[in-house]
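Student: attaching a predicted model along with its sequence, questions to come.
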Amino acid sequence: MELVDYEVTLKDGPTEVQTAKCTRNAAASIALVCSESSYEQASLVLNRLAGFGLSVMTEFHITNSVGSEFVKKPPTEIDSSNISEMNEKNRENVLKNRVMEMHNLCNNKKLKKFIQKMVKYGPDGILYKDYHGPTIKVMFISCDGTGVPGRPKELAKKKGKQSDGSAKTFEAKIGAVYIIEYTADGKPLLTESGDIYRDKKVIYMGTTCTAEDFGPMLYQHAVENGLDDMDCVVFLGDGAKWIWGIQQEYFPYALTAIDLYHAIEHVNAIADLIQFKGQTGSNKKKAFKEECIELLRCGNILGMLDLIKSKPCKEGKKEKLDTDMKYFSSNIERMNYGAFALCGIFVGSGVIEAGCKVIVANRMKNAGMHWSTDNAEIMIALRCAIRNDEFFNSYIPNNKASKVRFPSKTCAASACAA
């Protein structure tokens, strides 16, 4: 597909306006390559392999123009009646009842070894290929934040984690939804290897907006991907307050789970606050952590807290230990890991962490990159659209030419550092 002649138009005044004119498919090809590597590297690929003969700046502006088509805005209004209806619908459902049944099973001391074995080796489910009955649909929703290296000018007044209180990054927020089907009585469908069967891909969304705007955007994202048709909703997150604020406002009916591996990090932090004396102190610490994690995986949070209380705390660390223990005591319902495991409910944040890596880190955190929030917003939207197949559905073969307008080279040069 050949490019239409590249045109440059100069206007009176201090601002120079240029117009790049190319086919829609060519613009899509440029945006696709630029979304996967730096603009400089993309320029080498496009010019040497495709013979486009375009400058880095032209590729940057075309990519921004294409990507801006996929940028999502916060909805102006959320229908609260929908949330109320889903709340009523999810008050009693098969999966919630099964979780409660498994929770009671986990509390049976006579079945301790049996439960530990089941938690370790996987849930009691049915092979997908052998099941032909009715199913219930469960939507899993998760979100997280990740830092994006920003321009110093934009970060000048922003508080950060540097020793002087300054920031080197601003936060991008990524959301993900995916659907898993269970049997009519709430049992998971399994692959032949024993993993939870999932035939639908993860659908991502992302933004550099605040948590206040991200909440309704995540809700809208879930609605667009079938939320209203779900029989149950599971919401996953780490310990961040803004995440659970969103859950309570927009998904109050959901089964909730804190990422297991985030909880394990807190166990490791607690182990560092405990005094283990003698030459075998390191072995005692290791055994302590293993016992805590085993109790955690079975959802026996109270038992784990009793074990922690039985150990001496390092001098001056009592306040920190109490804070870490409160993290567990205040999240017991979200750490029902034994019951979740027996029901085949995901409790790890691998999906959303993979999203943060694939959508943001792989493209936007490379050496020397500094992003404006506007350009980061566009790149995140573009990369989400590509992975969701939205991009390919929008840029279908056609012969229509599309015009891309952008500001002068001097205005945008710094943006192309990415």
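Tutor: Looks like it arrived, so ask away.

Student: which ones are touching residue 55?
Tutor: residue 43 (Cβ atoms under 8 Å, 6 or more residues apart in numbering). Where you see a C-beta, it was placed from the backbone N, CA and C, and this is true even at glycine.

Student: distance-wise, check it relative to residue 43.
Tutor: For residue 55, the distance to residue 43 (Cβ to Cβ, to the nearest Å) stands at 7 Å.

Student: who's in contact with the residue nearest the centre of the chain?
Tutor: Geometric centre of the chain, nearest residue: residue 352, 2.9 Å, by Cα atoms, centre = their mean. Contacts for residue 352 (Cβ under 8 Å, 6+ apart) come out as 142-144, 174-176, 236.

Student: where do the helices sit along the stretch 151-300 of the chain?
Tutor: Assignment of helices within the stretch 151-300 of the chain using DSSP state H, counting those that start in this stretch yields the ranges 152-155, 211-224, 241-250, 260-271, 281-297.

Student: break this protein down into its structural domains.
Tutor: 1-70+389-418, 80-352 (automatic domain parsing).

Student: ok, residue 279 - how many residues close by?
Tutor: For residue 279, the neighbour count with other Cβ atoms under 10 Å is 6.

Student: about what we covered before: show me the contacts of residue 352 that map onto strands.
Tutor: Taking DSSP state E, the ones among the contacts of residue 352 that sit in strands are 142-144, 174-176, 236.

Student: can you name the two of these that sit furthest apart?
Tutor: 174 and 236 (12.7 Å; Cβ to Cβ).

Student: these two: who's more crowded?
Tutor: The neighbour count for residue 174 versus residue 236, taken as other Cβ under 10 Å, is higher for residue 236 (29 against 26).

Student: separation between the nearest residue in space to the more buried one that is not next to it in sequence and residue 237?
Tutor: In this structure, residue 236 finds its nearest non-sequential neighbour in residue 142, 4.0 Å apart by Cβ to Cβ, 6 or more residues apart in numbering. Distance, residue 142 to residue 237, using Cβ to Cβ: 6 Å.

Student: between those two, what contacts are shared?
Tutor: residue 349.

Student: between those two, who's got more neighbours?
Tutor: residue 142 (27 against 22).

Student: please report how far that one lies from residue 159.
Tutor: Applying Cβ to Cβ to residue 142 and residue 159 gives a distance of 26 Å.

Student: please, which helix or strand holds residue 137?
Tutor: Following DSSP states H and E, one finds residue 137 within strand 135-149.

Student: same question for residue 132.
Tutor: Using DSSP H and E, no helix or strand contains residue 132.
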